[in-house]
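J.: Next input, structure requested:
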Amino acid sequence: MRGLTTSFRVDRCFAFVDLCGFTDYVDAEGDDAAVRELGKLRSAVREVAPLCGVRVDKWLGDGVMLVGVESEPVVRGVLAIGQRFHDDHTHLALRAGMAAGPVILLEGDDYIGRSVNLAARLCDVADAYVVLAAPSETLVLPEDVRTLPAGDMVVKGFARPVEVVAIEAVRPSDRFDGRRRGTIGLRLPSLDQLLRPRARPSA
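T.: Numbering: from 1, shown residues only. A predicted model of the protein is given here:
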């Protein structure tokens, strides 16, 4: 019947990843250089996302929206994409925002809800090389990833301040001697470590 829309509620984890300073870079270096940086980002995403069981929901000009049924593979995917991108001798930095929770899946291809909006907004306010996330019961982290409190943030579009954490990878030396040596966000010790385990369901 015409005019009817299909929708149902699902639990998903969302991540938005984009290039910091992209507009300034286009102005300073030109279109061709900017396209090369975008190509490196898209290549990293296309390489890593299938290995982690994470789906590319849409490309966003200088960024990408990722979605997963579970949060752990999305976390691994975001960190590994950052590692692969920066290993490719890039000129720009990545940043990311993440959130997980119930949303409405509209007509099979669009997500409506707080968590997808929050992930996008956290990406907007993240600094270079930083992954910001909203902690929740549904945001489950891998064992080799930890969080650092980032405080309560005033986020555009949200009536109340939002509790936010920064996500970082834990180097093997951290687990051995207990000292904090990891780097917040996307500068990571080992891509292979981040991609284990690789087999995960896609959204």
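
J.: Report the rounded mean pLDDT for stretch 77-86.
T.: When pLDDT is averaged along stretch 77-86, the result is 92.

J.: Tell me which residues are up against stretch 132-144.
T.: Judged by C-beta atoms under 8 Å, 6 or more residues apart in numbering, the contacts made with stretch 132-144 from elsewhere in the structure are 11, 13, 70-72, 75-76, 95-101, 115, 118-119, 122-123, 125-126, 147, 150, 162-167, 169-170, 193-194. Placement of C-beta: from N, CA and C, glycine included.

J.: I'd like to know which of those residues are buried.
T.: Of the members of the contacts of stretch 132-144, the ones counted as buried by neighbours, 16 or more other C-beta atoms under 10 Å, are 13, 70-72, 75-76, 95-101, 115, 118-119, 122-123, 125-126, 147, 150, 162, 164-167, 169-170, 193-194.

J.: Just the ones in helices from these, please.
T.: Within the buried ones among the contacts of stretch 132-144, membership in helices is found for 71-72, 75-76, 115, 118-119, 122-123, 125, 193-194, as judged by DSSP state H.

J.: can you tell me which of those lies nearest to Asp32?
T.: Using C-beta to C-beta, Cys123 is the member of those that sits closest to Asp32, with 25.7 Å.

J.: Kindly tell me how buried Asp24 is, as a neighbour count.
T.: 10 (other C-beta atoms under 10 Å).

J.: Then it would be within a helix, right?
T.: Yes. Counting by DSSP: H, G, I helix; E, B strand; the rest coil, one finds Asp24 located in a helix.

J.: Direction included, what does the host helix or strand of Leu132 pair up with?
T.: The secondary structure element spanning Leu132 is strand 131-133 (assigned by DSSP states H and E). Strand pairing for strand 131-133, determined by DSSP bridges: strand 94-106 (parallel), strand 162-169 (antiparallel).

J.: Pick out the shakiest of the ones you listed, pLDDT-wise.
T.: Considering those one by one, the lowest average pLDDT is found for strand 162-169, at a mean of 90.

J.: beta partners of Val67?
T.: Here Val67 sits in beta bridges with Phe14, Arg55, as judged by DSSP bridges.

J.: pretty sure it is touching Cys52, no?
T.: No. Contact criterion C-beta atoms under 8 Å: Val67 and Cys52 do not qualify, at 11.8 Å.

J.: Now for the protein, the helix or strand with the poorest mean pLDDT.
T.: For the chain, counting by mean pLDDT, DSSP states H and E, helix 172-177 ranks last in confidence among helices and strands (a mean of 39).

J.: can you pull the buried residues of the longest helix belonging to the chain?
T.: Once the chain is assigned using DSSP H, the helix that runs over the most residues is helix 31-52. Buried positions in helix 31-52, judged by neighbour count with 16+ other C-beta under 10 Å: 34, 37-38, 40-41, 44-45, 48-49, 51-52.

J.: what distance separates the start and the end of stretch 50-61?
T.: Separation of the first and last residues of stretch 50-61 by C-alpha to C-alpha, to the nearest Å is 21 Å.
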